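*Asks:* how would this look folded up:
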Amino acid sequence: MRPDDAAVEALEGEPHRRFNALTGEWVLVSAGRTRRPWLGAEEPEPPEQRPVHDPACYLCPRSARVTGDVNPDYPDTFVFTNDFAALRPDSSDARIASGLFRAEGTRGTCRVVCFSPRHDLTLAGMDAASIRGIVDVWAQQTSELGERYRWVQAFENRGAAMGASNPHPHGQVWAGDALPVEARRELGEQARHLADTGRRLLVDYAQAERGGPRVVRDADGWLLLVPFWASWPFETLLVPLSPAARLADLDDASRDGLALALGDVNRRYDALFRRAFPYSWGWHQAPFGGGTDQAAAEAAWQVHAHFYPPLLRASVRKFMVGYELLSEPQRDLTPEEAAERLRDALA
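*Replies:* Numbers count the residues shown, from 1 in each chain. A predicted model of the protein is given here:
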């Protein structure tokens, strides 16, 4: 059940904490701090014009990468193993277990997914058919890598502010044999909710939020909203309204709806401050592992995407520092205000 809107409004102007039902953590909301004077660093406006094809770009078709490998003349998407992978399939399985000191080898792989052969595009500028092709690649990569690895993480870093080393439209898929911290937290809360109610946590949450002040878009079988517990200024959560543990579980209609939703959220972000909005975003899908553990995870898990854009104002970045690093996340405007501004961005 969604809290009464009047009760939420009573808290909006006051410092308060909100509980993250997906991770079991809390976030401090300090509405009104956006009015404080700002003398800190500002994010520069990135150059807007890029060529359709850049021969110097190592992700463009027909370009050579640092290894000497030459990209094919790919017509839509292109996937290859990262030349500087953070995870490797041949890593050592050595372990350390000595009192408070523990370490273990981990194995995996990292792949790059070029979204388009065009150097000048982003997801905001792609049509639904092109984005649908990317959705299918994510689903295929997840299923393939899930045969060998416990966790498959598809994500995109967009913009220099988020550490993207190349502006060519691309994302990554990392897979590893260990379940990461964030995934473990989400799995625990979702499994607990399923045990208590017999239903999926995020399906219940999405249904409770529909028609409410934090919803940005409700269409095509997908709900886009600023979560009640959001930490980043314009953070959003994208979740299907029907049960699905992974992207591969989505039928054609759901994948088509997802393509429309992804184009929409990207255009909203770009329209909000009239600039290419930097962000990190990615998919959380049910972990693998085989046997009863995998079956239990699939029963509890609802596939969803997190968008974490760092900008608080057009040229001002939100930093997680001080209290945020040492205590708990803190945000400077309410999720309700952020959702309203995102709704109005394409009005």
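*Asks:* just give the number of residues close to residue 328.
*Replies:* 14 (other C-beta atoms under 10 Å). For every residue, glycine as well, the C-beta is placed using N, CA and C.
*Asks:* got it, and residue 273?
*Replies:* Neighbours of residue 273 (other C-beta under 10 Å): 20.
*Asks:* now the strands: where do they sit in this structure?
*Replies:* Ranges of strands in the chain, per DSSP state E, are 16-20, 25-29, 78-81, 95-98, 101-104, 108-114, 151-158, 170-176, 215-219, 222-225, 236-240, 279-284, 304-308, 330-331.
*Asks:* show me what the last one is packed up against.
*Replies:* Looking back up the chat, that one is strand 330-331. Here strand 330-331 is seen to pack against strand 25-29 when contacts are counted using 3 or more C-beta pairs under 8 Å, 6 or more residues apart in numbering; DSSP states H and E.
*Asks:* the strand it packs on pairs with which strands, and in what direction?
*Replies:* Strand pairing for strand 25-29, determined by DSSP bridges: strand 16-20 (antiparallel), strand 330-331 (parallel).
*Asks:* now, of the ones you listed, which is deepest in the fold?
*Replies:* strand 330-331 (a mean of 22; mean count of other C-beta atoms under 10 Å).
*Asks:* show me the contact partners of stretch 141-157.
*Replies:* Residues outside stretch 141-157 that contact it (C-beta atoms under 8 Å, 6 or more residues apart in numbering) are 79, 107-109, 111, 113, 123, 138, 163-164, 170-180, 183, 246-248, 279-283, 285, 287-289.
*Asks:* what comes up buried for it?
*Replies:* Going by neighbour count (16 or more other C-beta atoms under 10 Å), the buried part of stretch 141-157 is 141-143, 145-146, 149-157.
*Asks:* same thing with stretch 332-347?
*Replies:* So stretch 332-347, judged by 16+ other C-beta under 10 Å, has buried residues 332-339, 341-343, 345.
*Asks:* ditto for stretch 257-277
*Replies:* For stretch 257-277, by 16+ other C-beta under 10 Å, it's 257-273, 275-277.
*Asks:* then stretch 118-137?
*Replies:* Counting neighbours by 16+ other C-beta under 10 Å, stretch 118-137 gives 118-126, 128, 130-137 as buried.
*Asks:* out of those residues, which sit inside helices?
*Replies:* Of those, the ones assigned to helices by DSSP state H are 128, 130-137.
*Asks:* and the end-to-end length of stretch 218-236?
*Replies:* Stretch 218-236 has an end-to-end distance of 13 Å (C-alpha to C-alpha, to the nearest Å).
*Asks:* I meant stretch 212-220, not that one.
*Replies:* Start-to-end, stretch 212-220 (C-alpha to C-alpha) is 17 Å.
*Asks:* same question for stretch 200-217.
*Replies:* 21 Å.
*Asks:* dump the strands of the chain into a markdown table; add distance to residue 5 and mean pLDDT as well.
*Replies:* Formatted as a markdown table, the strands of the chain follow (distance: least, C-beta to C-beta, whole Å; pLDDT from 0 to 100):
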| stretch | distance to residue 5 | mean pLDDT |
| --- | --- | --- |
| strand 16-20 | 15 | 94 |
| strand 25-29 | 16 | 94 |
| strand 78-81 | 45 | 98 |
| strand 95-98 | 52 | 92 |
| strand 101-104 | 47 | 92 |
| strand 108-114 | 40 | 98 |
| strand 151-158 | 33 | 97 |
| strand 170-176 | 36 | 97 |
| strand 215-219 | 12 | 98 |
| strand 222-225 | 14 | 98 |
| strand 236-240 | 19 | 98 |
| strand 279-284 | 28 | 97 |
| strand 304-308 | 24 | 98 |
| strand 330-331 | 19 | 92 |
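*Asks:* nearest to residue 8, of the ones you listed?
*Replies:* strand 16-20 (9.6 Å; C-beta to C-beta).
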